[in-house]
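S.K.: Provide a 3D model corresponding to the input given below.
(chains A and B)
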Amino acid sequence: MNRDVRDVAVPQQSSTDGVHAERLYGWGMTSPSVADVADPTAVEQLAELVTGAGPRGVIARGLGRSYGDPAQNGGGRVVRTTSLNKILNIDIEHGIVTAQAGVSLHQLMGTMLPLGWFVPVTPGTRYVTVGGAIGADIHGKNHHSAGSFGQHVLSMDLLGADGQIRTLTPATEPELFWATAGGMGLTGIVTQATIAFKKVETARIKADIWRAPDLDGVLAELAATDDKYPYTVAWIDCLSTGRNLGRSVLTCGDFAKLDELPAKVRKDPRKFSPLSLGKVPPVPVSGLLNKMTGRAFNEMWFRKAPVRKEGVIQGVGAFFHPLDGIMEWNRVYGPAGFLQWQFVIPFGTEDTLRQIVERISAHGAPAALTVLKRFGEGSPGYLSFPAKGWTLALDFPTNTPGLAQLLDDMDEKVLEAGGRLYLAKDSRMRPELLAEMYPRLEAFRKLRAEIDPHQVFMSDQARRLHL
Amino acid sequence: MKDSLGAPQSLLVLGGSSDIAMSTARKMAAARTKKIYLAGRPSQRIEDNAAELRTLGATVEVIPFDAAATDDHDKVLSQVFAADDIDVVLLAFGVLGDQAEDEKDPARAVAVAHVNYTGAVSSGIIVGQALKKQGHGSLVVLSSVAAERARRANFIYGSSKAGLDAFAQGLGDSMVGTGVHVMVVRPGFVDTKMTQGKEKTPLSTTPDAVADLIITGLRRGSHTVWAPGAFRYVMSGLRHVPRPLFRRLPM
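M.R.: Numbers count the residues shown, from 1 in each chain, chains lettered A, B, ... in the order given. Okay, here's the model as predicted:
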C-alpha cells in the first residue's frame, strides 16, 4: 500500500495540539460553560492561540480562583497559563523577580521567602497566578499600607489581539498598563511580569489577636490599627444579633524580626511554612452549611480567639491563607455552589455598613467567615476594585432562600454610598450598575475598542456584564 | 449569561403566544432577563405579549416563525443566535387539535403531528447546535403528561407529544458535556387558551404555577419537570395499568 508522505512525516508541533473541550466554572462552582481549553507550554504557542481564536474569542485562565465567570469563555477558547510557570529572573539584592504569568504566589513564596523576600501583596489564597493577580489587581491585608498588586508590578509583557507582545511599564504605557491591571484579562494575555518584592527578616508573622464586642467596636479598633500594623483584618460575625451584632476578631501584624522568634524557629527563620490540613472529600455535603451550623461555626470561631493576645508567632499559611490549609474547601457548600459578595464603601458611610450587616443578620443567610478590612488609596487601574474605605466580603451558598433579592437590595445600598463590587468575586450583579460603580468603565471600553476592535479577548463575565 | 443564582439574561420563546411561555417570560423579565425574543406566527396576541414584557423593562423582538414551516427554521433561528447569546430557549409551540374531527381526517391528524413533533425536531436540532456553539444554555421543551401514556381521548395529540418527549430526552443526552442543558416539562391539564372549553382533568394547574416550576427546574438543572409535581408519582403508577383497565379509567 502506498502511503502518502505526509502521513509518515513527523507532525509539526502545533499550538492547538491538546486543545480539548472542558466544562469550566469559577471557585464558587456556579454557572459553568464549555470551552476549548489549551494548555500551552511555551510562550511561542500563545500568539497562534490568540490569532487563531474563533468568533467567540479567547481568555486567559490561571488557577481558577475567581469566584464567578471571568476565566470562562463559553463556546470559545480558554488558554490556561499554569504550564507557563517559570521564574525567569531573580535579583536577590533588590528583590526584583521576573516570572511567567502562570507562576503561582505559592511558588513565588517558596522560592523567595528563604532568600528574605515576600510577595508585595497576597490575597487570602496563595493559589493564584501572577497573571490572575494582575488581571484582578488583587489586594491583601496590607492594602492600607502597600496598595494593590498592580502597584508593585514594574513591567509586564502583554500579548495583544494582533499576536504581538508589548512590554508595558507604568511610565511608558500608563493607559494600557492600568487597563490591564484590574482589566480582568480583556486587554490581552500577560505572558510575564517583573515584580518588586518586600524585604523580610524572617518568614514568620508576629501577630496581635483580639476581640471586638460589636460592630462599633470593630470599626473603631480597625481605624486605630492603620498606622500601627502593615497587615490588618477583622473577621466579623454577621449572624449574631442584638448587642453581639458585628462582634469580631481582629488579626493584625507584621513580619517578625529575627530576635523576636523563639530559639527553635531562629535556626531556620526563613523557612516557608504553608500549612496543610487535608482535603474536603468529594462527597456531596450539601446543606452542611446552613443557618444553624453557620451560627455554631461563628460562635466557635469567636470563642476560640483570645480576648487579647499579643506577639503570636504564626507561619505565612496560618496568618495569610488559613483556608489554603484545606484543599478544595469550596466543596463544603455542596453541589449547588456558592458565591462571594465583596464591596467597598467610602469612609464616612459607616451607617450603610451597619445597615448591610443588620440586613444579613436579619436574613439569617449563612454567611460564615465574613472579612472586614480598611482600604487605602486605590490604584490608577481603570477597573481596579480597591478604593479608600471599608471592604466587606461574605460567602453565601447559592441555595440560600431569597438571596437574589437580598443581594440586589444591598447592591443598591453600596451604590448609593458611592461604593462598588469586586469583579473577581462578582457572579450576579446587574450589568447596569457597573458603569455607576466604575466611573472609568467608559474609558476602559473605549481603549479596549481601540486595541481589540473585534473583541478577541472575551469572557463569560464580559458577556454577562457587557464589559 | 446565566448568573450564579441561575437567572438567565436572555430568552428565546418558540411559540410566543403560548400562555405558559408568557407566564415564564413575565417572571424572568421581572428578574434579570432583559433580552427576549418572541418567535411565532404574527398575531395581535404575540404583539400584546411583547408590549407587556417591554413594560417590565425587557427589550423584546418579535420574530415571525412558523413551527410547521420547517424549511425556514434554520434561517430564522440562525439570525437570532447570530445577534446574541441565548441563555434559555423555551420550545412552547404546539396544537391540541380536535381529537374527534382529527380521527376522521388524516390530513388534520398529520397537521397536529407535524407541528408538535416534526416542527419541534427541526427547531430542536437547530437550537441544540446553536447552544452547543455557545458552550452554554438551556433548552426547555414543553411536553405533556399525555406523552407518558396516550389516552383514548387524545391519542393523536398524546402520540405527537410522546415523540417530542422522547426526542427531547435523547437530545438532552446527546448534549452531555457540551454545556447545554435540555429540560423536559410535562404539565397536566393547564388552564390556558389552548384548553379553553375543555373539561378539566384531575391535578389541573395554571400557567403561572408551571412557570414557577420551569424557573426552579432551570436553576437546579433538572432534566424532567412535572407540573404539578405529583404527576411524577401518578404517572409512574398509571404507566403500569393494564390497557383494558386504563381505557376504562374516567380521564
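S.K.: CA atoms for contacts and neighbours, from now on please.
M.R.: Fine.
S.K.: contacting residues around residue A:307?
M.R.: A:209, A:210, A:211 (Cα atoms under 8 Å, 6 or more residues apart in numbering or on different chains).
S.K.: Looking at those residues, which is nearest chain B?
M.R.: Closest approach between the contacts of residue A:307 and chain B, by Cα to the nearest Cα: residue A:211, at 33.9 Å.
S.K.: confidence score at residue A:266?
M.R.: Looking at residue A:266, its pLDDT is 89.
S.K.: Once you drop chain neighbours, what's closest to it?
M.R.: Spatial nearest neighbour of residue A:266, excluding adjacent residues (Cα to Cα, 6 or more residues apart in numbering or on different chains): residue A:258 at 6.7 Å.
S.K.: related to what we said a few turns ago, so of the contacts of residue A:307, which ones are in strands?
M.R.: A:209, A:210, A:211 (DSSP state E).
S.K.: who's in contact with the last one?
M.R.: I take that to be residue A:211. Here residue A:211 is in contact with A:247, A:248, A:249, A:250, A:302, A:305, A:306, A:307, A:308 (criterion: Cα under 8 Å, 6+ apart).
S.K.: Would you format those as JSON lines with distance to residue B:170 and pLDDT included?
M.R.: Below are those laid out as JSON lines (distance: Cα to Cα, whole Å; pLDDT from 0 to 100):
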{"residue": "A:247", "distance to residue B:170": "54", "pLDDT": "92"}
{"residue": "A:248", "distance to residue B:170": "54", "pLDDT": "94"}
{"residue": "A:249", "distance to residue B:170": "54", "pLDDT": "94"}
{"residue": "A:250", "distance to residue B:170": "56", "pLDDT": "96"}
{"residue": "A:302", "distance to residue B:170": "52", "pLDDT": "84"}
{"residue": "A:305", "distance to residue B:170": "56", "pLDDT": "84"}
{"residue": "A:306", "distance to residue B:170": "59", "pLDDT": "85"}
{"residue": "A:307", "distance to residue B:170": "61", "pLDDT": "86"}
{"residue": "A:308", "distance to residue B:170": "63", "pLDDT": "88"}
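S.K.: Please check the residues you listed and keep the buried ones.
M.R.: Among the contacts of residue A:211, those buried by neighbour count (16 or more other Cα atoms under 10 Å in any protein chain shown) are A:247, A:248, A:249, A:250, A:302, A:305.
S.K.: any idea how far the last one is from residue A:223?
M.R.: Residue A:305 sits 20 Å away from residue A:223, going by Cα to Cα, to the nearest Å.
S.K.: what does residue B:93 give?
M.R.: 61 Å.
S.K.: of those two, who's got more company?
M.R.: Using other Cα atoms under 10 Å in any protein chain shown as the criterion, residue B:93 and residue A:223 rank with residue B:93 on top: 23 against 13.
S.K.: so how far is stretch A:225-232 from its chain's centroid?
M.R.: 21 Å (Cα atoms, centre = their mean, to the nearest Å).
S.K.: And it, what's buried?
M.R.: For stretch A:225-232, using 16+ other Cα under 10 Å, the buried residues are A:225, A:226, A:229, A:230, A:231, A:232.
S.K.: quick one: which of the residues you listed sit in strands?
M.R.: A:231, A:232.
S.K.: Let me know the closest of the buried residues of stretch A:225-232 to residue A:104.
M.R.: The closest of the buried residues of stretch A:225-232 to residue A:104 turns out to be residue A:231 (Cα to Cα; 21.0 Å).
S.K.: Quick check, the closest one in contact with residue A:141.
M.R.: Yes: with contact defined as Cα atoms under 8 Å, residue A:231 and residue A:141 form a contacting pair (4.9 Å).
S.K.: rewinding a little: out of the buried residues of stretch A:225-232, the closest to chain B would be?
M.R.: residue A:232 (30.3 Å).
S.K.: any idea how far residue A:130 is from the closest one?
M.R.: 23 Å.
S.K.: got it, and residue A:311?
M.R.: 31 Å.
S.K.: Where do the strands of the stretch 251-400 of chain A begin and end?
M.R.: A:278-279, A:308-315, A:326-327, A:338-345, A:370-375, A:389-397 (DSSP state E, counting those that start in this stretch).
S.K.: Now tabulate these in TSV and tack on distance to residue B:49.
M.R.: Listed next are those as TSV, based on distance: least, Cα to Cα, whole Å:
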stretch	distance to residue B:49
strand A:278-279	52
strand A:308-315	62
strand A:326-327	50
strand A:338-345	34
strand A:370-375	44
strand A:389-397	35
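S.K.: Of all those strands, which one is nearest chain B?
M.R.: strand A:338-345 (7.1 Å).
S.K.: now the closest one against strand A:370-375, angle please.
M.R.: 30 degrees (axes from the mean of the first three to the mean of the last three Cα atoms, to 10 degrees).
S.K.: what about residue A:262, how many neighbours?
M.R.: By other Cα under 10 Å, neighbour count at residue A:262 equals 11.
S.K.: err, residue A:242, not the other one
M.R.: Neighbours of residue A:242 (other Cα under 10 Å): 9.
S.K.: hang on, the earlier thing: which among the ones in strands among the contacts of residue A:307 gets closest to residue B:120?
M.R.: Once Cα to Cα is applied, the member of the ones in strands among the contacts of residue A:307 that ends up nearest residue B:120 is residue A:211, at 63.1 Å.
S.K.: Doesn't residue B:16 belong to a strand?
M.R.: No: looking at residue B:16 with DSSP: H, G, I helix; E, B strand; the rest coil, it is coil, so not inside a strand.
S.K.: residues contacting it?
M.R.: B:22, B:38, B:39, B:40, B:46, B:49, B:92, B:93.
S.K.: how does it look with 10 Å?
M.R.: B:22, B:25, B:37-43, B:45-47, B:49-50, B:62-65, B:90-93 (Cα atoms under 10 Å, 6 or more residues apart in numbering or on different chains).
S.K.: out of those, which are buried?
M.R.: B:22, B:25, B:37-41, B:46-47, B:49-50, B:62-65, B:90-93.
S.K.: distance of residue B:245 from chain A?
M.R.: 43 Å (Cα to the nearest Cα, to the nearest Å).
S.K.: helix, strand or coil for that residue?
M.R.: helix.
S.K.: tell me the mean pLDDT over the helix or strand residue A:44 falls within?
M.R.: Here residue A:44, judged by DSSP states H and E, is contained in helix A:43-51. In this model, helix A:43-51 has an average pLDDT of 94.
S.K.: helices or strands up against that helix?
M.R.: With contacts defined as 3 or more Cα pairs under 10 Å, 6 or more residues apart in numbering or on different chains; DSSP states H and E, helix A:43-51 has these neighbours: strand A:33-38, strand A:58-61, strand A:77-80, strand A:153-159, strand A:189-196.
S.K.: Out of these, which one sits most buried?
M.R.: strand A:58-61 (a mean of 30; mean count of other Cα atoms under 10 Å in any protein chain shown).
S.K.: Report whether it contacts chain B.
M.R.: No: using Cα under 10 Å from any Cα of the partner chain, strand A:58-61 never reaches chain B; the gap is at least 12.9 Å.
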